[in-house]
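Peer 1: okay, predicted coordinates and the sequence, questions at the end:
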Amino acid sequence: QVQLVESGGGLVQPGGSLRLSCAASAFIFKISTMHWYPQAPGKEREWVATCSSTADYYTDYADPVKGRFTISRDNVKSTVYLQMNNLRPEDTAVYYCNARSGALKTDYWGQGTQVTVSS
């Protein structure tokens, strides 16, 4: 049973920080590229960050979060993180973790964690 379990969401004031975590099944984590997709109320999920598998490690970010968000992975814990700094009200969304492998044609999603940025 593949599982992606997100945690770390919450309520934070503008300018504050949060760190999201996504724990995955070990095999899936090893072979997957990991992504974060926030979904704001009434909108579709939008990609914000990618962290490749360790074979050819790289990271990538959507323009609105460059310089504010950092994605990283802990291969021992099979966990990917999203460090979010200088948060803005427009960052408010449910944040979903995604594990995708082109080679195995697998695509898994977590249940999401709510992030609310408000004063």
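Peer 2: Sure, I can see it. For clarity, every value in this text was computed on a predicted model and none was experimentally measured. Numbers count the residues shown, from 1 in each chain.

Peer 1: OK, contacts around residue 110?
Peer 2: Shown in contact with residue 110 (CB atoms under 8 Å, 6 or more residues apart in numbering): 4-6, 22, 96-98. Where C-beta positions appear, they are placed from N, C-alpha and C, glycine not excepted.

Peer 1: next: residue 7.
Peer 2: Residue 7 is in contact with 20-23, 113, counting by CB under 8 Å, 6+ apart.

Peer 1: list the contacts of residue 5.
Peer 2: Going by CB under 8 Å, 6+ apart, residue 5 touches 22-24, 110-111.

Peer 1: from residue 21, how far off is it?
Peer 2: Residue 5 sits 8 Å away from residue 21, taking CB to CB, to the nearest Å as the criterion.

Peer 1: cool, residue 11 as well?
Peer 2: Distance from residue 11 to residue 21, counting by CB to CB: 17 Å.
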